[in-house]
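Enquirer: how does the following fold in three dimensions:
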Amino acid sequence: MSDEADLLPGERVVSYDVLGRRDTDYYGVFGDVPDADRAAWGRARTLVDEVGDRMRQAWDAAEYPLDLVRRIGELDLYVDGIEHPALTRISPLGAGLINMEVSRGDGSLGTILAVQGGLALRTLALFGSPAQQERWLRPLATGEVLGAFALTEPDHGSDSVSLETVARRDGDEWVLRGAKKWIGNGASGGITFVWARVDAEGDELHGSVRCFLVEQERSGYTGTVITGKVSLRGIHQAHIALRDVRLPADAVLPGTRSFRDASTVLYATRSGVAWSALGHATACYEAALQYAAQRVQFGRPLVRSQMVQERLAQMLDELTAMQLYCRRLADLETSGGLRPTQASLAKYHNTRAARRIAQTARDLLGGNGILLENGVMQHLADIEAIHTYEGTESVQALLIGRDITGVGAFT
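Expert: I've put the predicted structure just below:
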C-alpha cells in the first residue's frame with residue numbers, strides 16, 4: 001500500500017500484498033498431521049521464508065543460485081520418503097508436505113528438491129553399490145554434491161523406453177555415447193546418473209538398460225545449459241553430449257538391470273509432482289483471494305462481486321479435491337498399497353487442476369496478474385513444466401487407460 005502523503009489521483013494503491021501464507025485447508029485434510037511430519041513441513045516453510053524473494057529475482061534473471069542447494073540439504077529436505085539407514089526417515093505424508101510447501105513458495109526451488117532428492121538420491125539409494133553409496137549418498141543428501149538424473153533424450157521424451165544412448169565394454173572399462181536433454185543439474189557440476197542401453201554382443205545383459213554414475217568432469221561429458229526457458233527459470237536444465245565417455249567397470253549401478261528400474265524411480269516422483277502441483281495451486285488461489293479483498297473497482301472491493309465469489313468458490317473446489325488426492329496418495333504409500341497408476345492418476349488430476357486454478361487467478365488479477373511481484377504468472381508458467389515432466393498428460397492417460405481396460409494403446 002502507498003503512503004497517504006504520496007497519494008496521487010488515480011493511484012491510491014501502488015502495490016498489493018498477495019504473497020502471504022493463509023494455510024487454506026477447507027476440509028481439514030491436514031489437520032491431523034503427526035508431529036514428525038509437521039516438523040518437516042515447518043522446515044520447508046523456513047526455507048521458503050528465507051529465500052522466497054531471492055528465488056523470484058533468480059527466476060526473473062534466469063539464474064541458478066547454487067548455494068541454496070546446500071541450504072536445502074542443511075534443512076534435511078532431500079530425503080523424500082526414501083528408506084535407507086543413512087538417511088533421515090520421513091513418511092510419505094511428510095515428504096509430500098515438503099514438496100507442496102516448497103512449490104508453493106517457488107517452482108524452481110521445488111524442482112531442485114525433485115531432481116536432487118526425488119531422482120538422483122533415490123536412484124543411488126535404491127540401486128547403488130555399497131561403495132557408491134558410501135562415497136556419494138551423504139554428499140547428495142546434504143547438497144554438498146549436485147546430482148542429476150539423465151534419462152530423457154532429444155529424440156526420446158515420452159517414449160524414453162526407446163533410449164539410444166549406448167554403453168559398450170572396452171576391456172575393463174565402459175564407454176558411453178549418446179545425448180540427453182532437459183537434465184536438471186546436468187551442467188552444474190557434480191555427478192549424473194546416466195541411463196544407457198548395453199551394447200555387448202554375447203553378454204546376458206546385451207540390449208538391457210542400466211544406470212551409470214558419471215562425474216561431470218569426465219572427458220567426453222559436455223553439459224550445456226538450455227537457454228530461452230519461460231518456465232522454471234531459477235534452475236538450469238542441460239543438454240548433455242556423451243562423446244565416448246570412459247568409465248571404470250564399477251561405475252554401473254549394480255541394482256539396475258532393465259528400464260523397469262528407471263520406471264521405479266519415476267513412479268515414486270509422480271507422487272511428488274502431484275504434491276508440487278498442489279503447492280502451486282495453493283499459492284495462486286491464496287493470491288487471488290487476497291487480491292480480491294484489496295482491489296477496489298467500481299467503488300467496492302472485488303470480493304463483493306458475485307462473479308468473483310463464484311470464481312473463488314470454483315478454485316477452492318478444485319484445490320480441496322487436489323488436497324484429498326494427495327492425502328489419500330500418502331496414506332496408500334504408507335500402507336504399501338500404492339500402485340503406479342494411482343500415482344499417475346494423482347499427477348494427471350492435479351497438474352490439470354493446477355493449470356485451471358492458475359489461469360483463473362491470473363484472470364481475476366487482471367493486468368496485475370502478469371507481474372512477477374504478485375506470483376501468479378510465475379506459478380502459471382512453472383505449472384506448464386510440471387504438467388509435462390515425469391510423463392506428459394497423454395502418457396499418464398495411456399497408463400491409466402491400460403490399467404482400467406487391460407488394453408495397451410501406446411501405438
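
Enquirer: and the longest helix anywhere in the chain, what does it pack against?
Expert: Assignment by DSSP state H gives helix 259-294 as the longest helix of the chain. Contacts defined by 3 or more C-beta pairs under 8 Å, 6 or more residues apart in numbering; DSSP states H and E place helix 259-294 against helix 92-105, helix 107-113, helix 122-127, strand 209-215, strand 300-301, helix 306-335, helix 340-364, helix 376-388. Just so you know, the C-beta spots here come from the backbone N, C-alpha and C atoms, and that holds for glycine as well.

Enquirer: list the buried residues of it.
Expert: The neighbour-count criterion (16 or more other C-beta atoms under 10 Å) identifies 259, 261-294 as the buried residues of helix 259-294.

Enquirer: same check on stretch 34-50?
Expert: The neighbour-count check on stretch 34-50 (16+ other C-beta under 10 Å) flags 37, 40, 41, 43, 44, 45, 47, 48 as buried.

Enquirer: can you redo the helices and strands packed on helix 259-294 as CSV with mean pLDDT, mean neighbour count and distance to residue 222?
Expert: Shown next, in CSV, are those (pLDDT from 0 to 100; neighbours: other C-beta atoms under 10 Å; distance: least, C-beta to C-beta, whole Å):
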stretch, mean pLDDT, mean neighbour count, distance to residue 222
helix 92-105, 97, 28, 30
helix 107-113, 97, 28, 22
helix 122-127, 98, 24, 22
strand 209-215, 97, 22, 12
strand 300-301, 96, 12, 55
helix 306-335, 97, 17, 38
helix 340-364, 97, 23, 32
helix 376-388, 96, 23, 24
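
Enquirer: quick one, which of those is nearest to residue 370?
Expert: Proximity to residue 370, assessed across the helices and strands packed on helix 259-294 by C-beta to C-beta, is greatest for helix 376-388 (4.9 Å).

Enquirer: now the following helix or strand past that closest one: buried residues?
Expert: The helix or strand immediately downstream of helix 376-388 is helix 393-405, counting by DSSP states H and E. Residues of helix 393-405 classed as buried by neighbour count (16+ other C-beta under 10 Å): 395, 396, 398, 399.

Enquirer: so how far is residue 100 from residue 280?
Expert: 9 Å (C-beta to C-beta, to the nearest Å).

Enquirer: kindly apply the preceding question to residue 277 instead.
Expert: For residue 277, the distance to residue 100 equals 9 Å [C-beta to C-beta].

Enquirer: got it, and residue 91?
Expert: From residue 91 to residue 100 the distance is 14 Å (C-beta to C-beta).

Enquirer: touching the host helix or strand of residue 243 from outside, list them.
Expert: According to DSSP H and E, residue 243 maps onto strand 237-248. Residues outside strand 237-248 that contact it (C-beta atoms under 8 Å, 6 or more residues apart in numbering): 148, 150, 154, 165, 170, 172-188, 192, 194, 212-214, 218-226, 229.

Enquirer: among those residues, which ones are in strands?
Expert: 148, 150, 170, 173-184, 192, 194, 212-214, 221-225 (DSSP state E).

Enquirer: give me the buried entries from those residues.
Expert: Neighbour-count burial (16+ other C-beta under 10 Å) applied to these gives 148, 150, 174-184, 192, 194, 212-214, 221-223.

Enquirer: ranges for the helices of the stretch 1-150 of the chain?
Expert: Along the stretch 1-150 of the chain, counting by DSSP state H, counting those that start in this stretch, helices occupy 35-61, 67-74, 92-105, 107-113, 122-127, 130-142.

Enquirer: pLDDT below threshold where in the stretch 1-150 of the chain?
Expert: By pLDDT under 70, the low-scoring segments of the stretch 1-150 of the chain are 1-5.

Enquirer: isn't residue 185 up against residue 114?
Expert: No - Residue 185 is not in contact with residue 114 according to C-beta atoms under 8 Å; the separation is 10.7 Å.

Enquirer: I'd guessed residue 160 sits against residue 150; true?
Expert: No - judged on C-beta under 8 Å, residue 160 makes no contact with residue 150 at a distance of 10.8 Å.
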